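In: coords below, sequence missing:
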């Protein structure tokens, strides 16, 4: 069994420990000096300099969502690494509780195979084939890897036989272990089996309750109420008085003790929000609650009827390319912002006019707290940080892709937020709508 060092002791670091197993992890790297020398899942937390001195023979798995800054450091120092974002979403926790049985019981009809890819998942598949008696011809490097990266890869994994595609005969099945975007379609002339994409292979991902909502509100309008600082109680009262259909998100329940307004639907996608606000989400008075399957610890089995569990797909591609789902009942693409998920739901339900309210997109720039959210609930690390701005650029890209998608579907999306930084959608004065 090959071992790795995981960079990050946050939520993704926990997922790596739980899913990959501690037998595979040698240590954890963190940038916070207060953590150095402490233990995480029984393993040492070290700094980068310590890694270079004592752990350099183990490849690094970067578990951070916005990993560009760390990746730049590692490339600059010519250190080989894996990005957790390149693994199938199930191996990052998204859908894992429902998918793990199918993945662990995975069998191939083909005997003679070759692995195509360069990610941590590619190596795990190769290891699985070797230990389960398959005739594994070898591994084909993804064409995106530079010559230097290929050499580093080979040094870390001398037990893997590297082959060229020209060496693969017609009787050998190529196992695709990277996304469609990464392999670039250059495997079309071979016997190909995609074992990266699991979203159509897990029956439990399909939710018939959600399917019953498809185009239910065709011809109607709705408001997606985010929790930005520009939102006011007067806005919420206007929505209530005019009987507007509302979809809201995240910590909106913090204002419920000061208003009789309630959203018709509630959406949460972030795993930290699901686990932190478990009790609040369960008890709040909302008719339909849409909950992603991203948590390893949340009790999905004991849910009341108003809960709709949906499959959230969060990978490098969904974040960087702003992918959009055509079928919310099977899966939705998470590009790092819950508002984008709520927009996909609203379009799936058939709304022709969608208005964003309280979608300031100021979280990373100003540090101003969300609407009616106590200071104690705020993330403390505000400010213009490189990782924060990286995520903001992804969010804006996702909104642009949604705008194009909506236009092609004849759906109009307006931004009725008072101020803020989101300029992708046409601005409209909220007070003029009534």
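Out: Cool, got the structure. Since the model is a prediction, treat every value here as computed from it, not as a measurement.

In: so how far is residue 204 from the residue nearest to residue 434 when sequence neighbours are not counted?
Out: Of all residues beyond its chain neighbours, the one nearest residue 434 is residue 242 (5.3 Å), with distances taken as CB to CB, 6 or more residues apart in numbering. Using the backbone N, CA and C atoms, a C-beta is placed for each residue, glycine as well. Separation of residue 242 from residue 204 (CB to CB, to the nearest Å): 39 Å.

In: Between those two, which is the more surrounded one?
Out: Between residue 242 and residue 204, residue 204 has the larger neighbour count (other CB atoms under 10 Å), namely 15 against 10.

In: so how far is residue 431 from the residue nearest to residue 434?
Out: 12 Å.

In: circling back to that earlier point, please verify my assumption that the residue nearest to residue 434 contacts residue 355.
Out: No. Using CB atoms under 8 Å, residue 242 is not in contact with residue 355, being 11.8 Å away.

In: pLDDT score for the closest residue to residue 111 other than its chain neighbours?
Out: Leaving aside its chain neighbours, residue 111 sits nearest to residue 135 (5.4 Å; criterion: CB to CB, 6+ apart). If you check residue 135, the pLDDT there is 89.

In: what ranges do the strands span in the stretch 101-250 of the chain?
Out: 112-116, 135-140, 162-163, 173-176, 191-194, 221-225, 245-249 (DSSP state E, counting those that start in this stretch).

In: and the gap between the closest residue to residue 51 other than its chain neighbours and residue 43?
Out: Computed as CB to CB, 6+ apart, the closest residue to residue 51 that is not its neighbour in sequence is residue 29, at 5.6 Å. From residue 29 across to residue 43, the span is 11 Å (CB to CB).

In: which one of the two has more residues nearby?
Out: Remark: of residue 29 and residue 43, residue 29 carries more neighbours, 26 against 16, as counted by other CB under 10 Å.

In: is it true that the more buried one touches residue 52?
Out: No. If you go by CB under 8 Å, residue 29 and residue 52 don't touch, sitting 10.3 Å apart.

In: Could you pull out the helices in the stretch 101-250 of the chain for me?
Out: Secondary structure of the stretch 101-250 of the chain (DSSP state H, counting those that start in this stretch): helices at 120-131, 147-156, 180-183, 208-211, 233-241.

In: any idea how far the closest residue to residue 199 other than its chain neighbours is from residue 425?
Out: Leaving aside its sequence neighbours, residue 199 sits nearest to residue 331 (CB to CB, 6+ apart; 4.8 Å). The gap separating residue 331 from residue 425 is 24 Å, by CB to CB.

In: Does residue 85 fall in a helix, a strand, or a coil region?
Out: Of the three states, residue 85 takes helix according to DSSP: H, G, I helix; E, B strand; the rest coil.

In: the longest helix in this protein is where?
Out: helix 386-408 (DSSP state H).

In: Give me the residue at the spatial middle of this protein.
Out: residue 314 (2.3 Å; CA atoms, centre = their mean).

In: Skipping its backbone neighbours, what lies nearest that one in space?
Out: In space, residue 314 is closest to residue 334, 4.2 Å off (CB to CB, 6+ apart).

In: Now for that neighbour, how many residues are close by?
Out: For residue 334, using other CB under 10 Å, the count is 26.

In: Quick one: find the helix or strand in this structure with the lowest mean pLDDT.
Out: None of the helices or strands of the chain scores lower by mean pLDDT, DSSP states H and E than helix 363-366, at a mean of 66.

In: need the contact list for residue 429.
Out: residue 416 (CB atoms under 8 Å, 6 or more residues apart in numbering).

In: quick one: pLDDT of it?
Out: So residue 429 comes in at 97 (pLDDT).

In: can you tell me how far it sits from residue 291?
Out: 33 Å.

In: circling back to that earlier point, list phi and psi for the residue nearest to residue 314.
Out: phi -100, psi 110 (degrees, to the nearest 10).

In: quick one: it and residue 84, what's the gap?
Out: Separation of residue 334 from residue 84 (CB to CB): 15 Å.

In: do residue 420 as well
Out: 31 Å.

In: just residue 139 next, same as before
Out: Between residue 139 and residue 84 the computed distance is 20 Å (CB to CB).

In: measure stretch 427-434 end to end?
Out: End-to-end distance for stretch 427-434, by CA to CA, to the nearest Å: 16 Å.

In: Okay, buried residues for that stretch please.
Out: Neighbour-count burial for stretch 427-434 flags 430, 433 (criterion: 16 or more other CB atoms under 10 Å).

In: just to revisit the earlier point, average model confidence for the longest helix of the chain?
Out: On average, helix 386-408 scores 86.

In: what does stretch 316-329 give?
Out: Averaged across stretch 316-329, the pLDDT comes to 91.

In: Format the strands of the stretch 101-250 of the chain as CSV; extra columns: distance to residue 395 and mean neighbour count.
Out: Shown next, in CSV, are the strands of the stretch 101-250 of the chain (distance: least, CB to CB, whole Å; neighbours: other CB atoms under 10 Å):
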stretch, distance to residue 395, mean neighbour count
strand 112-116, 32, 24
strand 135-140, 35, 20
strand 162-163, 38, 14
strand 173-176, 29, 22
strand 191-194, 29, 16
strand 221-225, 14, 24
strand 245-249, 14, 23
